[in-house]
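Asker: Please work out how this folds:
(3 chains)
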Amino acid sequence: MIKKDQIKTKKPKDYWNKRAAIFAIVSIIITWIIGYAINNEAPPDCKMVLPSADFCKPLDNDSFEGVIQNEDRTETIVGWASLNEAPGYAGPVKVMVGIDPAGTVLGTYVTSNSETPNYYERIENEKFLEEFIGLPVISPFKIGEEIEAVTRATVTSNAIAEAVRTASYTIAETQLGLEVETIIEPIKFGAPEIAILGLYLVGYIGHRGNFKYKKQVRWLSLIIGMVYLGFIFNIPVTVANFTSLLLGYFPNWRTNLYWFFLMGGILFVSTVDNKNPYCQWFCPFGAAQECLGAIGGARLWSPGKSIRRNLEWIQRGLAFGAIILGLLMRNPGFSSFEIFGNLFSFTGSWPQWVILVIVLLLSLFIKRPWCNYLCPIDPIMDLVLASHRWIKQEFRKIWQLKNLKKNS
Amino acid sequence: MATQKPQKKFLDKFILTLVIACMVLIVTHQINNLVDYNTPEATATQRVTNSNQYVVDGEIKDEDILEDWFTPTPNHNNQNPNN
Amino acid sequence: MYEKFAYFTTPQFWFFMGILFVGVAVGLKVFFEDKGFEMNWWKWLLTALLWFLIFFSVMAAFTFLGEGETRGFWIGLALFGVIDIILGVGLWRLLSGGKKVPAKS
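Answerer: Residues are numbered from 1 along each chain as shown, chains lettered A, B, ... in the order given. Below you'll find the predicted structure:
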């Protein structure tokens, strides 16, 4: 006869999920603190933008004076450098600008940025930084006028231009005694903002259980998401958005309302409705996979319970790793490994290209392979939804206990 | 029915291999990023002067993705006598 | 390097290519008959278009290779290859009338 304690009872799935969630949250907090501590940068050398200077004298307002030591021990000022930052898509972009005594921009240098590396490469390849050289210090540095933005890196281009403007105006006012115009960016409420709000509305109406045309509305929402959020604007949700949120890197609300609608909307709907509106209703890459699935007659693939569970843990591990790396480097774009940029704006590293080809071909035969086995957003949303559910359960228990005590 | 079982098993293994390959490639991508992050960047003097030769001419404003991909690489020796 | 590929510009090569084209066309006809596909003029037209697309994709990719553009070769192969496979699978489903042999485990 088998004794009860000899029977191995498997722990319920929720047991490991809860412990993994607690471990993840605690690790994120600890990594955030470590990242903050190790990323205190030394001030950059002003010779990066004032190459003829012998040394740099620090001034107020994160500025430096570049001087040459003459033979008679006097000093000649060759220019000034100023450091400033502006919010890019995934975090602040810090720029150092060099100005000569005649009030012309001598050089620009990005000292740090958090943009996705492949997008930042476009800035470097297009020699965007050199467009500022030779412009007067009081120039408005407006994208579309004196400066051309880099295609498909417009948010980063705008951030650099804003940082250059602020840094130059600092030198203009403090060192050259010039009057500068304060430029206030107009609030941008355009097609991306309208598209995302429209998609949330469609999703809200369409996902009601008894809605007659749920299937058709869902396809419409997916196609609009794929075309607008994907191919036209290339602004899907990535793990960099969540890492930015954790780091407190919010983009400029005047020019990036879309980001606030997107992230705010997802978190709001998840907490209120306990559902993930984005993945199934308007994720552009999910939509692309479903379109290919419709062409190829894709079906759900399940490799067996235990393999499925292992793959799920690896998927969670990859997402967790991406967030931890981003927090350690204080650089959200750094660890974002999604292949959306490859499909929608032909930007990405060679491993991502190989993954894209595999995923696109697999999507013909199996349903949403990226979403089900590789996407980092899925585990993040699972964590958000599950944590919300558990916290609600705990509060309910406490409330019930309180009521019991009251009644007894 | 018996002949379909090994076929399905093979397909399952094939798809599983591809999925695991993608996971390995994701890790490769992250390692590449880490390695590039620690490599010293080009100095600002290279940016302020015009010393670097780029494949795509920096004056092209309307970016043409396909032209960028299929533009002849540097040191290209055009072997075709018709060109 | 160009001299190595001079054969591909000779009339004999194109003669063999002609045989290949006709062979493929006849082979496809027999293959579709065996599979029980009901073909009509526009299905044949789509099949021919796909065949030419595949042919030109391979030609383009290997022309890049022949010109010494290995990067263009790999990108061309990946880009055109994926498009060709997607369209090929779509065409197959169209020709087979959407019927799929259910996978029995």
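Asker: In chain A, what residue spans correspond to strands?
Answerer: Secondary structure of chain A (DSSP state E): strands at A:55-58, A:63-69, A:75-87, A:92-99, A:105-112.
Asker: so which of the ones you listed comes closest to chain B?
Answerer: Among those, the nearest to chain B by Cβ to the nearest Cβ is strand A:105-112 (4.0 Å). All C-beta spots, glycine's among them, are computed from the backbone N, C-alpha and C.
Asker: quick revisit: can you say which of the strands of chain A is packed in most?
Answerer: strand A:92-99 (a mean of 27; mean count of other Cβ atoms under 10 Å in any protein chain shown).
Asker: Each with direction, which strands does that one pair with?
Answerer: Applying DSSP bridges, strand A:92-99 is found paired with strand A:75-87 (antiparallel), strand A:105-112 (antiparallel).
Asker: worst-scoring helix or strand of chain B, pLDDT-wise?
Answerer: helix B:44-48 (a mean of 29; mean pLDDT, DSSP states H and E).
Asker: which residues sit in contact with the nearest residue to C:Phe80 once chain neighbours are set aside?
Answerer: Ranked by Cβ to Cβ, 6 or more residues apart in numbering or on different chains and with sequence neighbours excluded, the top spatial neighbour of C:Phe80 is C:Ser57, at 3.6 Å. Going by Cβ atoms under 8 Å, 6 or more residues apart in numbering or on different chains, C:Ser57 touches C:Gly76, C:Leu77, C:Phe80, C:Gly81, C:Ile83, C:Asp84.
Asker: Could you say which helix or strand holds C:Ser57?
Answerer: Assigned by DSSP states H and E, C:Ser57 belongs to helix C:41-66.
Asker: Next secondary structure element downstream of that helix?
Answerer: helix C:70-95.
Asker: how about low-confidence regions in chain B?
Answerer: Applying pLDDT under 70 to chain B picks out residues B:1-4, B:37-83.
Asker: longest helix of it?
Answerer: Looking across chain B with DSSP state H, the single longest helix is helix B:4-38.
Asker: Show me what it is packed up against.
Answerer: When contacts are defined as 3 or more Cβ pairs under 8 Å, 6 or more residues apart in numbering or on different chains; DSSP states H and E, helix B:4-38 packs onto helix A:305-329, helix A:350-363, helix A:369-373.
Asker: Mind listing residues that contact stretch B:11-23?
Answerer: Contacts of stretch B:11-23 (Cβ under 8 Å, 6+ apart): A:301, A:303-304, A:307, A:311, A:314, A:318, A:355, A:358-359, A:362, A:366, A:369, A:373-374, C:103.
Asker: Show the buried residues in those.
Answerer: Buried members of those, scored by 16 or more other Cβ atoms under 10 Å in any protein chain shown, are A:Trp301, A:Leu311, A:Leu318, A:Ile355, A:Ile358, A:Val359, A:Leu362, A:Ile366, A:Pro369, A:Tyr373, A:Leu374.
Asker: Return the residues in contact with A:Leu328.
Answerer: Applying Cβ under 8 Å, 6+ apart, the residues near A:Leu328 are A:Thr31, A:Ile34, A:Gly35, A:Ile38.
Asker: can you redo those residues as JSON lines with pLDDT, neighbour count and distance to C:Val89?
Answerer: JSON lines is the format used below for the contacts of A:Leu328 (pLDDT from 0 to 100; neighbours: other Cβ atoms under 10 Å in any protein chain shown; distance: Cβ to Cβ, whole Å):
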{"residue": "A:Thr31", "pLDDT": "92", "neighbour count": "17", "distance to C:Val89": "43"}
{"residue": "A:Ile34", "pLDDT": "90", "neighbour count": "13", "distance to C:Val89": "48"}
{"residue": "A:Gly35", "pLDDT": "88", "neighbour count": "19", "distance to C:Val89": "45"}
{"residue": "A:Ile38", "pLDDT": "82", "neighbour count": "10", "distance to C:Val89": "50"}
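Asker: near chain C, which residues of chain A?
Answerer: Proximity of chain A to chain C, by Cβ under 8 Å from any Cβ of the partner chain, involves residues A:Leu292, A:Ile295, A:Gly296, A:Gly297, A:Trp353, A:Val357, A:Leu360, A:Leu361, A:Leu364.
Asker: Give me the pLDDT value at residue 5.
Answerer: You didn't say which chain, so I picked chain A. On pLDDT, A:Asp5 comes in at 55.
Asker: my bad, the chain I had in mind was chain C
Answerer: 73.
Asker: I'd say it and C:Gly68 touch.
Answerer: No. C:Phe5 is beyond contact range of C:Gly68, at 11.7 Å (criterion: Cβ atoms under 8 Å).
Asker: buried subset of the contacts of C:Ser57?
Answerer: Among these, the ones that count as buried by 16+ other Cβ under 10 Å are C:Gly76, C:Leu77, C:Phe80, C:Gly81, C:Asp84.
Asker: Roughly how far does the nearest residue to the second one once chain neighbours are set aside sit from chain B?
Answerer: Right, C:Leu77. Spatial nearest neighbour of C:Leu77, excluding adjacent residues (Cβ to Cβ, 6+ apart): C:Ala61 at 4.6 Å. Distance, C:Ala61 to chain B, using Cβ to the nearest Cβ, to the nearest Å: 11 Å.
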